[in-house]
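Participant: how would this look folded up:
(one chain, ligands or ions: 2)
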Amino acid sequence: MPYGAEHFLATGETLPEAAYADLRDGFDAILFGAVGDPRVPDGRHAEAILLRLRQGLELTVNFRPCRPLPGTGPEGLHLEVFRENTEGAYCLQGSTEPGRAVDLAVHTEPAVRRLLEAAFVRAAQRGCVLTLAHKANVLKHGHGLWVRLFQELQARHPEVSARAMHADALLCALVQDPRSFGVIAADNYLGDLISDLTAAFAGGMGTAPSLSWAPHQPFRCAVLAEPVHGSAPDIAGKNLANPVGMILSTALLFRHLGWEPEAQVVEQAVTEALLHGARTRDLGGNLGTAEMGTIIRDQLP
Ligand code: IPM
Ligand code: MG
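Facilitator: Ligands and ions are numbered 1, 2, ... in the order given. Take a look at the predicted model:
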């Protein structure tokens, strides 16, 4: 589908309602590129396309794993951010008034519960520590709700080693000792920030994949894969971007759809390419997007 900045600038159209309904009811999954373009200074199209899909399809869980690839970070590190993806400070409610600006952050129990439940299940599956990032010392209402529901789930999941941490202290500990973290759960805003930081442990924005899904499956289309990075307008169209984040996002999508062997084949191909020394510029090499993609494809069985 053509929707993006180019299409918006040419037609004034972001994501038409009919196309949205088609995606919602006519497809099982979406593979999403990246949005953001300086030619649309207010980011209107990003909001109307990406946030519309996340919020409209109720894709509450945004999963952002960080596992360094050969040569991109410390071996064996395995961090996973579970970011609430539809509300909080990104609920798009607020106003600009003379001398005053307001952005509301709305947190609802069903979405927060869904996100936390997914994070608890994953931490139990991995047998790793689960950390909630919050600022309930200041954001008493919204983050207070997060801490309360976290404690509720903690009681129901005694098998999970879980702790709640103030996000500022968490960030300091994360940089100093990333291995002391396993799964990190966070609201939309904090999760957005934390997942860029964790991406830096594994080669940066170019390699970070992500998957969003609706655990309660309100519509036929209940999953969207997209790289963590944006559209990188400074290098767009110049054959310089790293395709790995996008390729690994497809692997996450395959796994989610129950295609585990296919997911592993894709991940293995990326690992092999890096083991052979294939590197785009962001990883210190000189391969272009197309060349990197071809080398990865050539590793497929
Ligand atoms: C991300 C991006 C988006 C977000 C932008 C493009 C709206 O930064 O997916 O992390 O903030 O959610
Ligand atoms: Mg972001």
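
Participant: Relative to residue 64, how far out is whatever residue of the stretch 101-250 of the chain ends up closest to ligand 1?
Facilitator: Here the stretch 101-250 of the chain gets closest to ligand 1 at one residue, residue 192, 4.6 Å apart by Cβ to the nearest ligand atom. Heads up, the C-betas are built off the backbone N, CA and C, glycines and all. Distance of residue 192 to residue 64, given as Cβ to Cβ, to the nearest Å: 10 Å.

Participant: More neighbours: the two, which one.
Facilitator: residue 64 (25 against 19; other Cβ atoms under 10 Å).

Participant: That one and residue 226 touch, don't they?
Facilitator: No: in this structure, residue 64 is not within contact of residue 226 by Cβ atoms under 8 Å, at 10.2 Å.

Participant: if I look at those two, which residues touch both of them?
Facilitator: residue 210 (Cβ atoms under 8 Å, 6 or more residues apart in numbering).

Participant: follow-up on the earlier one: can you work out which residues contact both of residue 192 and residue 64?
Facilitator: residue 83.

Participant: helix or strand right after the longest helix seen in the chain?
Facilitator: Across the chain, the longest stretch assigned as helix under DSSP state H is helix 109-126. Sequence-wise, the next helix or strand downstream of helix 109-126 (DSSP states H and E) is strand 130-134.

Participant: which helices and strands sit right next to that following strand?
Facilitator: Applying 3 or more Cβ pairs under 8 Å, 6 or more residues apart in numbering; DSSP states H and E, we find strand 130-134 packed against helix 109-126, helix 142-156, strand 162-166, helix 167-176, strand 183-186, helix 188-200.

Participant: Pick the most buried one from the ones you listed.
Facilitator: Neighbour counts (mean count of other Cβ atoms under 10 Å) averaged over each of those peak at strand 183-186, with a mean of 28.

Participant: show me what contacts residue 81?
Facilitator: 62-66, 183-184, 186, 191, 194-195, 198 are the contacts of residue 81 under Cβ under 8 Å, 6+ apart.

Participant: Any chance of CSV for those residues, columns pLDDT?
Facilitator: Formatted as CSV, the contacts of residue 81 follow (pLDDT from 0 to 100):
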residue, pLDDT
62, 98
63, 98
64, 98
65, 98
66, 97
183, 98
184, 99
186, 99
191, 98
194, 98
195, 97
198, 98
